[in-house]
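**Student:** Quick one, fold the following:
(one chain, ligands or ions: 1)
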Amino acid sequence: MYWCEQAWLPDGVADGVLVEVEGSRIARIEQGPPGSAERLAGLTIPGLANCHSHAFHRALRGVAEEGKGDFWTWRDRMYEVADRLDPDSYLRLATAVYAEMALAGITAVGEFHYLHHAPDGVPYSDPNAMGHVLIRAAREAGLRIALLDTCYLSGGIGAPLAGSQLRFSDGTAERWAARAEALAMAYEGQHDVEIGAAIHSVRAVPPEQMPVVAEFSHRYAAPLHVHVSEQRAENTACIEMYAATPVQILHERGALGPRSTAVHATHLTDVDIELLGQSGSYVCMCPTTERDLADGIGPARSVADRGASITLGSDSHAVIDLFEEARAVELHQRLASEKRGHWLAVDLLAAATGHTSLGFPDAGMLVQGAWADLVSVRLDSVRTAGAARLEAVVFAATAADVHSVISGGRRVVTEGRHVLGDVGSMLVEAIGSLR
Ligand SMILES: [Zn+2]
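**Tutor:** As a prediction, the model looks like this:
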């Protein structure tokens with residue numbers, strides 16, 4: 001039994017809220033006196049959903065800042081890290097990265113996973129060895145995981161695979177599906193794991209192979225995520241080759257819909273925006289990565305106005321702080337439009353709790369029957385003191401203001417410390433061993 005000084009409930013912020021947890025779920029939630037319940041200070045919100053992650057990119061934080069590199073030179077640095085990972089080192093790195101996420105109030109991650117095989121492209125003795133370690137890492141760190149098993153077949157539009165990309169590929173979409181199915185079977189009935197599908201991008205999956213991946217998503221009622229129009233160069237190459245935008249191709253190949261998430265969606269046409277909205281797709285914005293990689297500012301307000309739901313991801317992990325991602329959606333738009341007030345704090349916080357897009361529909365709200373994910377944020381820190389409650393969290397707090405995290409009924413963070421110990425040291429060790 002927990003007693004929240006303040007809690008964000010579906011109809012607003014309430015004072016003095018008792019939460020009874022049974023197993024992994026909220027059994028009862030109501031306003032009342034604390035009694036003997038454990039006290040949660042500050043504002044308690046539902047666990048956050050990090051809807052787009054590549055765990056290994058965390059090893060690149062701050063190491064590709066010299067000189068005049070662009071997205072594509074950053075990608076070369078990323079491949080260098082990818083070349084060095086094996087199941088043991090990836091387990092250590094991902095456990096530390098997911099623990100960093102837990103410290104930031106994240107209770108579910110969408111891991112867009114394409115590091116499938118050994119560096120020479122040969123499958124491990126268990127072809128899903130890398131997927132298994134990511135799931136184990138999430139569990140050890142206290143997160144639910146949507147393992148978005150990614151189909152990756154070509155090195156660019158009309159280009160063969162080369163170098164590091166060999167380990168990303170199963171050769172054909174059919175062989176990808178066979179491997180992903182084995183993974184889905186291995187976790188059937190395990191509610192903290194969702195095996196989803198991903199099309200890496202129009203650069204890495206030829207259009208004729210896309211329906212196989214979409215079919216997997218339909219058959220298992222599983223999420224389907226895809227990188228879309230992150231860089232203008234992708235759109236240019238796509239239009240040159242297919243006379244259609246990436247969104248149009250995904251639409252034509254049955255890859256948009258209420259289980260689908262378009263990640264980035266930075267450079268869209270009006271037709272693209274209509275297609276994403278009408279299909280009821282999610283759009284996952286990753287603003288701290290998009291600014292880090294000089295991608296641009298996506299039309300979040302326009303796609304939401306046409307019917308798409310916005311979710312958030314820390315993607316390359318230049319920053320792991322969903323409060324920063326949430327406010328950046330509004331603040332970047334202010335810079336671009338020279339106008340304020342595109343989003344309310346409550347809507348940005350809803351975007352930060354997009355668990356449904358990961359296949360966890362009964363999470364992201366403090367209601368009876370939901371996953372017992374309770375994240376408590378200090379309202380008396382130097383950053384948050386004096387700010388209005390919900391606005392304090394969205395426009396002032398950082399991940400460092402999260403002091404307590406209960407994830408699926410399990411206590412993961414107490415007084416800002418993770419149950420696994422010193423997460424900074426875990427990251428130093430895991431990243432250091434890759435250099
Ligand atoms: Zn990504």
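
**Student:** burial count for residue 215?
**Tutor:** By other CB atoms under 10 Å, 15 other residues sit near residue 215. (C-beta placed from N, C-alpha, C; glycine too.)

**Student:** which helices and strands sit right next to the strand or helix carrying it?
**Tutor:** Using DSSP states H and E, the element containing residue 215 is helix 210-219. Judged by 3 or more CB pairs under 8 Å, 6 or more residues apart in numbering; DSSP states H and E, helix 210-219 is in contact with helix 173-186, strand 193-199, strand 224-228.

**Student:** Dump these into CSV; add mean neighbour count as well.
**Tutor:** Below are the helices and strands packed on helix 210-219 laid out as CSV (neighbours: other CB atoms under 10 Å):
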stretch, mean neighbour count
helix 173-186, 18
strand 193-199, 27
strand 224-228, 29
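
**Student:** and residue 94, which of the ones you listed is closest to it?
**Tutor:** Closest to residue 94 of the helices and strands packed on helix 210-219, according to CB to CB: strand 193-199, at 14.1 Å.

**Student:** Centre of the chain to the closest one, how far?
**Tutor:** For strand 193-199, the distance from its own C-alpha centre to the chain's C-alpha centre is 12 Å (CA atoms, centre = their mean, to the nearest Å).

**Student:** so for that strand, what's the average pLDDT?
**Tutor:** Strand 193-199 carries an average pLDDT of 98.

**Student:** For it, which strands pair with it and how are they oriented?
**Tutor:** strand 144-151 (parallel), strand 224-228 (parallel) (DSSP bridges).

**Student:** Tell me how far the first one lies from the chain's centre.
**Tutor:** Between the centre of strand 144-151 and the centre of its chain there are 10 Å (CA atoms, centre = their mean).

**Student:** just the last one next, same as before
**Tutor:** Distance, stretch centre to chain centre, for strand 224-228: 12 Å (CA atoms, centre = their mean).

**Student:** contacts for it?
**Tutor:** 52, 110, 112, 148, 196-202, 213-214, 216-217, 246-247, 250, 255, 257, 259-265, 284 (CB atoms under 8 Å, 6 or more residues apart in numbering).

**Student:** Could I get the average pLDDT for it?
**Tutor:** Strand 224-228 comes out at a mean pLDDT of 98.

**Student:** continuing past it, what's the next helix or strand?
**Tutor:** helix 232-242.

**Student:** Report the inter-axis angle for that following helix versus strand 224-228.
**Tutor:** Between helix 232-242 and strand 224-228, the angle comes out at 100 degrees (axes from the mean of the first three to the mean of the last three CA atoms, to 10 degrees).

**Student:** what packs against helix 232-242?
**Tutor:** helix 246-252.

**Student:** what's in contact with the helix it packs on?
**Tutor:** By CB under 8 Å, 6+ apart, the list of residues contacting helix 246-252 reads 199, 201-202, 207, 210, 226, 228-229, 234-235, 238, 242, 244, 256, 260, 262, 265, 268-269, 271-272, 275-276, 279.

**Student:** can you do 6 Å?
**Tutor:** Outside of helix 246-252, the residues within contact range by CB atoms under 6 Å, 6 or more residues apart in numbering are 202, 207, 228, 229, 238, 256, 272, 275.

**Student:** Just the closest of those residues to residue 92, please.
**Tutor:** Distances from residue 92 to the contacts of helix 246-252, taken by CB to CB, are shortest for residue 228, at 31.7 Å.

**Student:** what's around the nearest residue to the closest one once chain neighbours are set aside, how many residues?
**Tutor:** Among residues not flanking residue 228 along the chain, residue 262 sits closest, at 4.3 Å (CB to CB, 6 or more residues apart in numbering). Burial of residue 262 is recorded as 29 neighbouring residues (other CB under 10 Å).

**Student:** mind checking which helix or strand residue 262 is in?
**Tutor:** Per DSSP H and E: strand 260-264 holds residue 262.

**Student:** Name the next helix or strand downstream of that strand, please.
**Tutor:** helix 270-278.

**Student:** Pull the contacting residues for residue 23.
**Tutor:** Counted by CB under 6 Å, 6+ apart, residue 23 has contacts residue 409.
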